[in-house]
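**Student:** What follows is a protein structure lacking sequence information:
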């Protein structure tokens, strides 16, 4: 920590390097907590272990920064969002994305002069100005030293701390000090090795623990002598830890290692049971792996989730036999294909918000499932089906780049004109339109229309017509666009597909409130009635927003405020920063219209912070520019420049959650 403090004062890029399991991540996270006060704009932590695609690095960092993609690429948004931030960015686990991380870090250092970056990696990034801090193993004890000195040794202190968790009352005494010191030596002071070893004291006497370690290291001498000793020690410790597991625990360890995002009990039972492991055994086996520190437990609001450190997960995967790995791959892919199908947020159901949150948690595992499907021609259509089914998630999460990545990768692999390809074509077109990529959008939608007619797929044809309408509206051809969307909506009504009707009304109302508030309000009311009938909270929030904007443009600021206050909760649940920025903005207008100019100035400041983080401005939105300017002018004239500036800056100092909470309380 002393070195981290010293180096971070004089460098803008500090990379912590060292072997797997040596404690880079733990040190970095501790430093981020302790030094948070150095950075007025806070600390942003981005964990990269589950990210397999280098091209998704920038969108992932942008999402972690709260920057929601709009119609621009993620890199400009990220650079704009961090441009004047006095903050620390922690990139944890860069080694598997080394080139992408180096390129991103180099760009950030050149364009964000106040940003400091700390990275953890098994390799240096190689960026100009990088300061590397090698993280070595903990100092080990001399078995001949006095007991007090042995007890103060760092490796022994960690061992003792972890040992007391499984054997209360354990301590270093004159009787056991030499043995503890020799254990620290055998483990080379590697924190992960120490933790795995200490966990065994639940069932293994201290002397037996030492002899087991001695035997394991003797066996290891036949391995790769060119490998660094710490790597050998870590592998030996894992080999030994595996040998301490029952055969069933060892098998489950290997199977659970396929989940990069962790796993809950139900999923573990569904995917990992079979062969040597009965479904009824899974719970007890997981408990055993938790006891042995192979698994860690994460407590979520509604469930427990079990995770592995990356080194442990990589080791576990190595022990899967090819035949077993293939069986597990099929079950894994089938599970997540089914899960994504059940959690479709484009369906108007009461659990939309819960489904969205579950998809966020499971996204690393879903990515792995799509990767696995795309790796084999026979299963590629299943992967495309998953990517296609997630289209609503990609859109509402603002993950446009990632969504298009998975869709276009699948479209390159799957040429069969089935439902998955047809859905992928119109979904990719819709995402492309949101990114202002009309040429790709038109190409995709034309192919979708042709294939839908060729195959007689009425559902795909209706969606293709709807997206064609969105394309026309985006190009400024309002009459044709609205006609196409109405035509598609009638087809969906005739087919009884109310989910599709809701999607159509959502998209149409968002466009109409700008130029035709009366029509926008009518479409919003129709959507809200549908949502109320089916208890769909997420779609209802967008209906309320459309009605609220229409009410504002019609001169009814009280109704506009009432509508806006109701959208805050669902948008907060899905972390729709784009929507929440607009919420704060519109509430500023209504506050000004109601005569509370201090509140208007604070809300403008709070909204301004979010707009800045998004790399956007309210003056770039047609339905915002005039109202924004009028609100600011009215508040500044009423309060005077000094008071207005004070209130505005006060709002800008609030984080988004606090700003929204204050807006709701005052509203």
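**Tutor:** Arrived safely, thanks for sending. Predicted model, so just to flag it, every value in this text is computed and none were measured.
**Student:** Please enumerate the helices of the stretch 301-450 of the chain.
**Tutor:** 310-318, 322-342, 352-374, 380-389, 391-396, 400-413, 419-434, 438-455 (DSSP state H, counting those that start in this stretch).
**Student:** CSV please, covering those helices and showing mean pLDDT, mean neighbour count and distance to residue 30.
**Tutor:** From N, CA and C alone the C-beta is placed, and that goes for glycine too. Compiled in CSV, the helices of the stretch 301-450 of the chain are given as follows (pLDDT from 0 to 100; neighbours: other Cβ atoms under 10 Å; distance: least, Cβ to Cβ, whole Å):
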stretch, mean pLDDT, mean neighbour count, distance to residue 30
helix 310-318, 82, 18, 18
helix 322-342, 95, 16, 34
helix 352-374, 95, 20, 24
helix 380-389, 96, 24, 37
helix 391-396, 92, 22, 34
helix 400-413, 95, 21, 31
helix 419-434, 95, 24, 39
helix 438-455, 95, 18, 45
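**Student:** Using JSON lines, lay out the ones you listed together with distance to residue 164.
**Tutor:** Below are the helices of the stretch 301-450 of the chain laid out as JSON lines (distance: least, Cβ to Cβ, whole Å):
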{"stretch": "helix 310-318", "distance to residue 164": "22"}
{"stretch": "helix 322-342", "distance to residue 164": "37"}
{"stretch": "helix 352-374", "distance to residue 164": "32"}
{"stretch": "helix 380-389", "distance to residue 164": "45"}
{"stretch": "helix 391-396", "distance to residue 164": "44"}
{"stretch": "helix 400-413", "distance to residue 164": "44"}
{"stretch": "helix 419-434", "distance to residue 164": "53"}
{"stretch": "helix 438-455", "distance to residue 164": "60"}
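**Student:** right, so of those helices, which gets closest to residue 23?
**Tutor:** helix 310-318 (11.3 Å; Cβ to Cβ).
**Student:** How many neighbouring residues does residue 265 have?
**Tutor:** 14 (other Cβ atoms under 10 Å).
**Student:** now it: how far from residue 287?
**Tutor:** 10 Å (Cβ to Cβ, to the nearest Å).
**Student:** Kindly tell me how buried the closest residue to residue 111 other than its chain neighbours is, as a neighbour count.
**Tutor:** Setting aside the residues directly before and after it, residue 111 is nearest to residue 79 in space (Cβ to Cβ, 6 or more residues apart in numbering), at 5.1 Å. If you count neighbours by other Cβ under 10 Å, residue 79 ends up with 18.
**Student:** per-residue confidence for residue 79?
**Tutor:** Note for residue 79: predicted pLDDT of 91.
**Student:** Tell me who's in contact with it.
**Tutor:** 107, 108, 111, 112, 615 (Cβ atoms under 8 Å, 6 or more residues apart in numbering).
**Student:** Please repeat the previous calculation with a cut-off of 10 Å.
**Tutor:** 58, 62, 67, 107, 108, 110, 111, 112, 615 (Cβ atoms under 10 Å, 6 or more residues apart in numbering).
**Student:** likewise residue 325?
**Tutor:** 254, 255, 258, 317, 319, 332.
**Student:** Same question for residue 590.
**Tutor:** Contacts of residue 590 by Cβ under 10 Å, 6+ apart are 548, 551-552, 556-565, 596, 599-600, 603, 627, 631, 667.
**Student:** try 6 Å
**Tutor:** For residue 590, the contacting residues are 557, 560, 561, by Cβ atoms under 6 Å, 6 or more residues apart in numbering.
**Student:** Compare those and tell me which is most surrounded.
**Tutor:** In the contacts of residue 590, the most neighbours by other Cβ under 10 Å go to residue 560, 23 neighbours.
**Student:** if I read this right, that residue contacts residue 550, doesn't it?
**Tutor:** No. Contact criterion Cβ atoms under 6 Å: residue 560 and residue 550 do not qualify, at 8.3 Å.
**Student:** Export the contacts of residue 325 as TSV, with columns for distance to residue 529.
**Tutor:** Supplementary listing: the contacts of residue 325 in TSV, determined by distance: Cβ to Cβ, whole Å:
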residue	distance to residue 529
254	52
255	48
258	45
317	51
319	57
332	41
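**Student:** And the furthest pair within those?
**Tutor:** 319 and 332 (16.5 Å).
**Student:** Make TSV from the contacts of residue 590 and add secondary structure to it.
**Tutor:** Shown next, in TSV, are these (DSSP: H, G, I helix; E, B strand; the rest coil):
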residue	secondary structure
557	helix
560	helix
561	helix
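**Student:** Domain map for this structure?
**Tutor:** 2-134, 147-243, 254-320, 344-561, 576-666 (automatic domain parsing).
**Student:** and residue 336, which of those is closest to it?
**Tutor:** Using Cβ to Cβ, the nearest of those to residue 336 is domain 344-561, at 3.8 Å.
**Student:** Now do the end-to-end distance for the closest one.
**Tutor:** Domain 344-561 has an end-to-end distance of 30 Å (Cα to Cα, to the nearest Å).
**Student:** ok, now how distant is the nearest residue to residue 336 once chain neighbours are set aside from residue 386?
**Tutor:** In space, and not counting its chain neighbours, residue 336 is closest to residue 369: 3.8 Å by Cβ to Cβ, 6+ apart. Here the criterion is Cβ to Cβ. By it, residue 369 lies 6 Å from residue 386.
**Student:** picking up where we left off before, which of the helices or strands spans the residue nearest to residue 111?
**Tutor:** Counting by DSSP states H and E, the element that carries residue 79 is helix 74-82.
**Student:** That helix: what's the following helix or strand?
**Tutor:** strand 88-92.
**Student:** Show residues contacting that following strand.
**Tutor:** Looking at strand 88-92 with Cβ under 6 Å, 6+ apart, the contacting residues turn out to be 25, 28, 32, 39, 43-47, 116-120.
**Student:** Tell me which entries of the residues you listed lie within strands.
**Tutor:** Mapping the contacts of strand 88-92 onto strands (DSSP state E) picks out 43, 44, 45, 46, 47, 116, 117, 118, 119, 120.
**Student:** Dump those residues into JSON lines; add pLDDT as well.
**Tutor:** Formatted as JSON lines, the ones in strands among the contacts of strand 88-92 follow (pLDDT from 0 to 100):
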{"residue": "43", "pLDDT": "94"}
{"residue": "44", "pLDDT": "94"}
{"residue": "45", "pLDDT": "94"}
{"residue": "46", "pLDDT": "94"}
{"residue": "47", "pLDDT": "90"}
{"residue": "116", "pLDDT": "96"}
{"residue": "117", "pLDDT": "97"}
{"residue": "118", "pLDDT": "97"}
{"residue": "119", "pLDDT": "96"}
{"residue": "120", "pLDDT": "93"}
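**Student:** Quick check: phi and psi at residue 578.
**Tutor:** With angles defined as degrees, to the nearest 10, residue 578 sits at phi -60, psi -50.
**Student:** can I assume it is in contact with residue 68?
**Tutor:** Yes. Using Cβ under 6 Å, residue 578 is in contact with residue 68, at 4.4 Å.
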